[in-house]
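Q: Sequence first, predicted coordinates after that:
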Amino acid sequence: MFKKILIANRGEIACRVAATARRMAIKTVAVYSEADADAKHVHACDEAVAIGGSAPRESYLRWERIIEAAQATGAEAIHPGYGFLSENEGFAAACAEAGLVFIGPPASAIQAMGLKAESKQLMEKAGVPLVPGYHGADQDPELLKREADRIGYPVLIKASAGGGGKGMRAVEKAEDFAAALASCQREARNSFGDAAVLVEKYVTRPRHIEIQVFGDTQGNYVWLFERDCSVQRRHQKVLEEAPAPGLTEALRRRMGEAAVAAARAVKYVGAGTVEFIVEQRQGEMNFFFMEMNTRLQVEHPVTEAITGLDLVEWQLRVAAGEPLPLKQEDLRIHGHAIEARICAENPDKDFLPATGTLHVYRKPPATSFQRATVRFDDGVREGDTISPFYDSMIAKLIVHGATRAEALARLDEALAATHIVGLATNVQFLRHVVGSRSFAQADLDTALIQRESAALFQQQPVPVELAAAAAVAKTLLGEQALAGVDPFSRRDGWRSHGVATRRFEFSFAGHHLKAELATLHDGALRLAVHGEAAPLAFRRTGEAIELRYGDRSARAVVYTQGETDHVFTAAGAASIVSIDLLAHAGDDAAEGGRLTAPMPGKVVSFSVRAGDKVKKGQALAVMEAMKMEHTIAAPADGTVQELLYAPGDQVAEGAELLRLAA
């Protein structure tokens, strides 16, 4: 076994690999960029080496610096994690040339499966079912358009060298094909350095089910069951579970055997995932090969949970030349596991990525590893900053139960105990998905989020009255703590007789809210919200506030950040902003005519010039941040006055990109 390995990655996967290596008494070397100098993964390893600037191309994608770091520290092998260089055959070959073991498949297997078009042809020869499509080398846009017309709409354009949902566009009608192709090629070129695409039939009501496979250097192969990854946004996974609900044993076996056939076809070694698109039609399920990811997957913990295995340990053992630890007949499914990806993004704004500081970062209590009841994999700590340079994922929450229903209940409870303040996240959105009819009943397909959109977006799980009551209670508790027990120093309105009143004003969910607190002579409180008064009582219990307002009771944890109180309850979370009655001047008029960057990032292109007339909703510019493209659209009809940046420029959040005149 190796004595020391280098982990060529960052964030939670670097911490994850380091944890297994530590358990196996293997020393670890971290690499880090300027932005990650004090990152969690740096401290999780025994040594750390700086490799360059904050942008991935200046650090985590510079394999020559990574190989130099491995050689300088005496590492014998390199674990690439996922993303970055994990599926780069050039890097795998460079490791071998440098005398280092690449903890992954041989470069030939990465190359064979890395280009989707070629891999489809290879799979067809191996007898693996394929979706109808065009996988040729000719990338002439007119030819691609003719092939799409031949296949029939809707079609899916996919980056041939891609993965993770990047460089992928669904096209509903012929007139939209050219624009979608250009955008897809641009994103593919930026993400993978290769603009080649393939075009496939877009399967209706599809499920995304993948099979975990493993191979060793002795020619042994196993499949470690399946994961359902159908719940997606922007073609990227949101929730993953194992086993896949509703899959028969016969279909599971057929898919597993097809996955092993795919691995054998390229002489695969190590951990890999064969992804299938599963068509649901008239009660039957048919599966088609989609792609093979030649690396460990983000969602591998759910497979670990149902098998009780450590897949990183398997990777290390296979890379060291050992045979697979188990045979196919030794593998069993135990219970059900679900993983939720917690991301820095705003689901109510089309999943716009968010950046900022984790001022509050509280996690649910975790249990033991592998088949844990609750597991939380992350690469950040409270106080860390989420930057625009890397993927928006903050952490992965994994739960395991004896049944799917038990795992669902456990996941919702764990999400409720996940408190993040400082930037927008998808935690509440995940709770809405978990509680939706479709997900609860395992009515799964890749359009679940769109189908359930009315129940998932723009939701307010905390009633306005309860949010106001929590904010008032937090204020009074804070004042009491400052004043001590001296009744003449208290600011809660206590008096020996009569009634004292105190006004509060808040902003809640975009609405202005007025409240009035009455303190009776005996100290009892009554709070009126929009004129409706009810008794208010509260007490602090540890970090929480036990709250009773009228006939409603709740246990709330309230974190104050500036003028904003972030209220977390079992039902959900909400933010309520206190308005200073003396300072508030109502001077928040909209800035007409300005179009600003919604997040830090790079300007990719402008589709207009100064003097152009535009219509409301027309695309004006494209920005790139956190590995995703975002279109900036006109908020109203108007004329472009001026472009304030050029393509390629880095801009800060709120930067004015261009000006429109009415």
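A: Happy to help now that I have it. Numbering: from 1, shown residues only.

Q: The helix or strand that contains residue 506 pairs with which strands, parallel or anti?
A: Using DSSP states H and E, residue 506 maps to strand 500-508. If you go by DSSP bridges, strand 500-508 pairs up with strand 511-519 (antiparallel), strand 573-578 (antiparallel).

Q: Which one of these lies nearest to residue 37?
A: With CB to CB as the criterion, residue 37 lies closest to strand 573-578 of the strands paired with strand 500-508, at 31.4 Å. The C-beta positions use only the backbone N, C-alpha and C, and glycine is treated the same way.

Q: got the buried residues for that closest one?
A: 573-576, 578 (16 or more other CB atoms under 10 Å).

Q: Any chance of a markdown table for those, columns distance to residue 424 and pLDDT?
A: Shown next, in a markdown table, are those (distance: CB to CB, whole Å; pLDDT from 0 to 100):
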| residue | distance to residue 424 | pLDDT |
| --- | --- | --- |
| 573 | 12 | 96 |
| 574 | 13 | 95 |
| 575 | 10 | 95 |
| 576 | 16 | 95 |
| 578 | 20 | 92 |
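
Q: what's the closest of these to residue 244?
A: Distance to residue 244, by CB to CB, is smallest for residue 573 among these, at 30.5 Å.

Q: correct me, but that closest one touches residue 426?
A: No: applying CB atoms under 8 Å, one finds residue 573 not in contact with residue 426, separated by 11.8 Å.

Q: Now do the phi/psi pair for residue 479.
A: phi -70, psi -40 (degrees, to the nearest 10).

Q: scratch that, residue 347 is what I was asking about
A: Here is the backbone geometry of residue 347 (degrees, to the nearest 10): phi -60, psi -30.

Q: Just grab the bridge partners of residue 564 for me.
A: Residue 564 forms beta bridges with residue 561, residue 577, as assigned by DSSP bridges.

Q: quick one, what contacts it?
A: 575-578 (CB atoms under 8 Å, 6 or more residues apart in numbering).

Q: now, which of those residues sits nearest residue 599?
A: Distances from residue 599 to those, taken by CB to CB, are shortest for residue 575, at 18.7 Å.

Q: before we move on, the earlier item: is it possible to export the strands paired with strand 500-508 to CSV including distance to residue 192?
A: Shown next, in CSV, are these (distance: least, CB to CB, whole Å):
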stretch, distance to residue 192
strand 511-519, 45
strand 573-578, 37
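
Q: where do the strands sit along the stretch 101-250 of the chain?
A: Assigned by DSSP state E, counting those that start in this stretch, the strands in the stretch 101-250 of the chain fall at 101-102, 133-134, 155-159, 168-171, 197-201, 206-215, 221-233, 236-242.

Q: Just grab the bridge partners of residue 199 for me.
A: Taking DSSP bridges, one finds residue 134, residue 157 as the beta-bridge partners of residue 199.

Q: right, I mislabeled it, should have said residue 514
A: Beta bridges link residue 514 to residue 505 when assigned by DSSP bridges.

Q: surely it meets residue 532?
A: No: with contacts counted by CB under 8 Å, residue 514 stays clear of residue 532, the gap being 11.4 Å.

Q: neighbour-wise, which of these two wins?
A: residue 514 (14 against 9; other CB atoms under 10 Å).

Q: Spit out the contact partners of that one.
A: Going by CB under 8 Å, 6+ apart, residue 514 touches 503-506, 529-530.

Q: returning to that earlier point: buried stuff in the strand holding residue 506?
A: Neighbour count says strand 500-508 has 502, 504, 506-508 buried, by 16+ other CB under 10 Å.

Q: try stretch 161-172
A: So stretch 161-172, judged by 16+ other CB under 10 Å, has buried residues 161-169, 171.

Q: do stretch 314-325 as well
A: For stretch 314-325, by 16+ other CB under 10 Å, it's 314-319, 324.

Q: Tell me who's in contact with residue 79.
A: 5-9, 17, 103-104, 312, 315-316.

Q: got it, and residue 244?
A: Shown in contact with residue 244 (CB under 8 Å, 6+ apart): 207, 209, 226-228, 252.

Q: Equivalent analysis for residue 155, please.
A: Applying CB under 8 Å, 6+ apart, the residues contacting residue 155 are 133, 148, 170-171, 177, 199-202.

Q: same thing but 7 Å
A: Going by CB atoms under 7 Å, 6 or more residues apart in numbering, residue 155 touches 148, 171, 199-202.

Q: Take those residues and lay them out in a markdown table including pLDDT and distance to residue 595.
A: Below are the contacts of residue 155 laid out as a markdown table (pLDDT from 0 to 100; distance: CB to CB, whole Å):
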| residue | pLDDT | distance to residue 595 |
| --- | --- | --- |
| 148 | 95 | 33 |
| 171 | 95 | 27 |
| 199 | 94 | 33 |
| 200 | 89 | 35 |
| 201 | 87 | 37 |
| 202 | 86 | 32 |
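
Q: Please verify my assumption that residue 259 contacts residue 274.
A: Yes: with contact defined as CB atoms under 7 Å, residue 259 counts as touching residue 274 (3.8 Å).

Q: Next, show the common contact partners of the two.
A: Counting by CB under 7 Å, 6+ apart, the shared contacts of residue 259 and residue 274 are 211, 213.

Q: returning to that earlier point: format the CA atom coordinates belonging to the strand holding residue 506 as CSV.
A: This file holds the C-alpha atoms of strand 500-508, laid out as CSV (Å, rounded to 0.1, in the frame of the first residue of the first chain):
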residue,chain,number,x,y,z
ALA,A,500,-47.0,50.7,27.3
THR,A,501,-46.8,50.4,23.6
ARG,A,502,-43.8,50.1,21.3
ARG,A,503,-43.8,50.2,17.5
PHE,A,504,-41.8,48.0,15.1
GLU,A,505,-41.5,48.0,11.4
PHE,A,506,-40.1,45.2,9.2
SER,A,507,-39.5,44.2,5.6
PHE,A,508,-40.7,40.6,5.0
